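**Q** Let's see this in three dimensions:
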Amino acid sequence: MTPARRGRGNTPKAPGKEQQTTPWERHAAMSWAQRLKRVFNIDIKTCSACDGTVKVIACIEDPVVIDKILTHLDEKVASAGTGLLPQVRAPPQAELFD
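**A** Residues are numbered from 1 along each chain as shown. Coordinates of the predicted model:
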C-alpha cells in the first residue's frame, strides 16, 4: 500500500492503449527539484527570503567542475581570515576580576 494510491499497478490505463514506458522514463518524469521537495521538503523553486518564484538557470552535475567550485570557495573563505567575523562572546569584564 502506498500513500495517495501511488505505486505499482495503480497507473490509470486508457481503454485500448498500453503504456510502453521504460523504467528510466517513469523515473525521469519527476525532476530533481520535485524529488528534493518530496523527500527532504526542500523547495528550491521558492525564495526563502521573499517567497517569490526562483528560476533555475543552471544545473552543474560534472563532479570535476563541482570540486573546482567548492575548492575555490574554501580558498576564498580561508584567505578572508577570521578577522572579519565578530567575536563569539563578549570579552571578560576587568572589574569582575579585581
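**Q** drop to CA atoms for contacts and neighbour counts, all remaining ones
**A** Fine.
**Q** tell me the mean pLDDT over the lengthiest helix in the chain?
**A** Counting residues, the longest helix in the chain under DSSP state H turns out to be helix 63-80. Mean pLDDT, helix 63-80: 88.
**Q** Next, the buried residues of that helix.
**A** For helix 63-80, a neighbour-count test (16 or more other Cα atoms under 10 Å) marks nothing as buried.
**Q** And for Arg35, the neighbour number?
**A** 13 (other Cα atoms under 10 Å).
**Q** repeat for Ser48
**A** 11.
**Q** Same question for it, what's its three-state structure.
**A** coil (DSSP: H, G, I helix; E, B strand; the rest coil).
**Q** What confidence value was assigned to it?
**A** 85.
**Q** now do Gly83
**A** 58.
**Q** can you pull the contacts of Ala33?
**A** Contact analysis of Ala33 by Cα atoms under 8 Å, 6 or more residues apart in numbering lists 43-45.
**Q** what ranges do the helices span in this protein?
**A** All helices of the chain, identified by DSSP H, fall at 23-28, 32-40, 63-80.
**Q** need those helices in TSV with distance to Glu95, can you?
**A** TSV is the format used below for the helices of the chain (distance: least, Cα to Cα, whole Å):
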stretch	distance to Glu95
helix 23-28	67
helix 32-40	50
helix 63-80	34
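**Q** now for those helices, which one comes closest to Val88?
**A** Of all these, helix 63-80 sits nearest to Val88, with 17.2 Å by Cα to Cα.
**Q** what's near enough to touch the nearest residue to Thr53 once chain neighbours are set aside?
**A** Sequence neighbours aside, Thr46 is the residue nearest to Thr53 in space, at 4.8 Å (criterion: Cα to Cα, 6 or more residues apart in numbering). Thr46 is in contact with 52-54, counting by Cα under 8 Å, 6+ apart.
**Q** Which of the residues you listed sits closest to Ser31?
**A** When those are compared against Ser31 (criterion: Cα to Cα), the nearest one is Val54, at 15.2 Å.
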